[in-house]
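K.L.:
Just the structure for this:
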Amino acid sequence: MVPFLRRLSSFQIITLSFIVLIGCGTGLLMLPIATQARISTDVLSALFTAVSASCVTGLVVVDTASHWSLFGQAVILLLIQIGGLGVITMAVAITVASGQKVGLMQRSTMQDALSLHQLGGIVRLLRFVLTFAAGIELCGTLLLFPVFFQDFGALDGLWMALFHTVSAFCNAGFDLMGTKGGGSLMAYVANPWVNVVIMALIVSGGLGFLTWADLHQNGFRIRRWRFQTKAILSMTAFLIFFPAIIFYFGDMGFLADGRGLAAVFQAVTARTAGFNTIHIEDMTEAGKCMMVLLMFTGGAPGSTAGGIKTTTAFTLLVTALSILRYRLDIECFSRRISLETLQEAVAIFLLYAMLLFSSSIFFSYFDGAGMLDSLVETSSALGTVGLSIGLTERLSAPSKCLLMFLMYFGRVGALTLVYALHSKKSHLARRMPEGKLTIG
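P.N.:
Model prediction:
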């Protein structure tokens, strides 16, 4: 390992790895060969695209289909794949493939990158992650190919199927549809095959690799599932079906066909992915507010998704229920949630909430955007979702820089950045007297 890296904590390596990936992607996208017009893209547009792809978000300032050449699109796809699986994961995979020994520092960094609770079995889990990702993406490509073959031909159809599969599994939301049907996947709003495949890919990437490893090991023996697996699956089911009902009755009434599909798709994509089958700006204010909540929540830890994570939302929800039931301990699924976990959940929630509202106020004040539109765009960046109300392209350069920071913050994670700044927790030899506060 490079001597410089030995002096860094695993969290600092993770934060720097994404910066390096973004820098490389920006340089490649600025090459004339990366555009269809064979001219160099300006630094801000190339940097924004690289950040959005590396942080698997999907917000764009130039149209992916019409602006970027095949080379540029391939660079974006590579950034999505590396950013989705994680730079550290890919680096360790190369180390294993080359036959070199994975050192303790690499294992520790991998542990923090995938949000693992123990150091043992890292290499075995890495093989599972890569095999699982390759298998899912291969299946997704084969399932989407017949539809895109019919619409775009053999070679273009294969590229479209591969690109949208990787983008969906990595929860990126980049698309190559251009203006077809209004953009994104709106041309397929009533196509059950495309909708189901894309939703399955999004959910697969958003559940987290540790969840899939647990399901692979224990199958349908629910009692043997980890507590985290139960929390993630139950919260994911709730965050799909409950919002889908609201979208169905509140925002999809204008659809003659595919109303149910569109409602479920919107509930799935709003948490993590960024594809859309309807015009976001045509949704009701209540629907947009529901989207903000979903994007703010995001997916599971150790997944390709962003947001505060389903486990954070689960912890806060269970805590509130325990308080309402006047219970001292926070209990669920015959397990107790520790005070440290609750403290981390509260810290993450407050950090994301402050960033969400302060950034939205910034956009509203300096760019004249509506507050609700600003909340939608901000939560989309912070949750690395990519759904857009059409505001991103109209933002000023400083606002676009703030949006890039939000995407980076959302992908790396609040605690990772905090621990990167403070590599060691401070343990005081003494404790202050307890202060009394009246709550509520």
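
K.L.:
now the strands for the protein?
P.N.:
Using DSSP state E, the strands of the chain run over residues 330-332, 335-337.

K.L.:
can you put those strands in a markdown table and add mean pLDDT, mean neighbour count and distance to Trp68?
P.N.:
Where C-beta positions appear, they are placed from N, C-alpha and C, glycine not excepted. What follows is those, written out as a markdown table (pLDDT from 0 to 100; neighbours: other CB atoms under 10 Å; distance: least, CB to CB, whole Å):
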| stretch | mean pLDDT | mean neighbour count | distance to Trp68 |
| --- | --- | --- | --- |
| strand 330-332 | 85 | 17 | 46 |
| strand 335-337 | 88 | 15 | 45 |
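
K.L.:
In CSV: those strands, plus distance to Phe314.
P.N.:
As requested, the strands of the chain are exported to CSV (distance: least, CB to CB, whole Å):
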stretch, distance to Phe314
strand 330-332, 8
strand 335-337, 9
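
K.L.:
among those, which is nearest Pro398?
P.N.:
Comparing the strands of the chain by their distance to Pro398 (CB to CB), the top pick is strand 335-337, with 40.4 Å.

K.L.:
Show me what the closest one is packed against.
P.N.:
Counting by 3 or more CB pairs under 8 Å, 6 or more residues apart in numbering; DSSP states H and E, the packing neighbours recorded for strand 335-337 are helix 310-324, strand 330-332.

K.L.:
Please repeat the previous calculation with a cut-off of 10 Å.
P.N.:
In terms of contacts (3 or more CB pairs under 10 Å, 6 or more residues apart in numbering; DSSP states H and E), strand 335-337 is packed against helix 227-250, helix 310-324, strand 330-332.

K.L.:
closest one to Leu31 among the strands of the chain?
P.N.:
strand 335-337 (49.8 Å).

K.L.:
Burial check on the residue nearest to Leu417 when sequence neighbours are not counted, number of neighbours?
P.N.:
Residue nearest to Leu417 in three dimensions, not counting chain neighbours: Thr15, with 6.3 Å by CB to CB, 6 or more residues apart in numbering. By other CB atoms under 10 Å, the residues close to Thr15 number 18.

K.L.:
Phe296 and Leu125, how far apart?
P.N.:
29 Å (CB to CB, to the nearest Å).

K.L.:
So Thr324 versus Leu317, what's the distance?
P.N.:
No, residue 324 isn't Thr; it's Leu. Taking CB to CB, one finds Leu324 at 11 Å from Leu317.

K.L.:
sorry, that was for Gly208
P.N.:
18 Å.

K.L.:
When these two are compared, which one has more neighbours?
P.N.:
A direct count of neighbours by other CB under 10 Å for Gly208 and Leu317 places Gly208 higher, at 26 against 15.

K.L.:
surely that one meets Gly298?
P.N.:
No: using CB atoms under 10 Å, Gly208 makes no contact with Gly298, being 11.1 Å away.

K.L.:
still on that earlier bit, of the strands of the chain, which is nearest Ala50?
P.N.:
From these, taking CB to CB, the stretch that ends up closest is strand 335-337, at 38.1 Å.

K.L.:
Partner strands of that closest one and their direction?
P.N.:
Applying DSSP bridges to the sheet, strand 335-337 is found paired with strand 330-332 (antiparallel).

K.L.:
buried sites along the longest helix along the chain?
P.N.:
Ranked by residue count, the top helix of the chain under DSSP state H comes out as helix 122-152. Across helix 122-152, burial judged by 16 or more other CB atoms under 10 Å covers 122-123, 125-126, 128-130, 132-133, 136-137, 139-141, 143-145, 147-149, 152.

K.L.:
Can you list phi and psi of Asn191 for me?
P.N.:
Dihedral pair for Asn191: phi -90, psi 100, per degrees, to the nearest 10.

K.L.:
do the same with Ala273
P.N.:
The phi/psi pair for Ala273 (degrees, to the nearest 10) is phi -90, psi -60.

K.L.:
Can you give me the distance of the residue lying closest to it once chain neighbours are set aside to Gly182?
P.N.:
With sequence-adjacent residues excluded and distances taken as CB to CB, 6+ apart, Ala273 is closest to Ile202, at 4.4 Å. Ile202 sits 20 Å away from Gly182, going by CB to CB.

K.L.:
what about the two, which has more around it?
P.N.:
Ile202 (28 against 14).

K.L.:
which ones are touching that one?
P.N.:
The contact partners of Ile202, by CB atoms under 10 Å, 6 or more residues apart in numbering, come to 167-173, 265, 268-269, 271-275, 299, 304-305.
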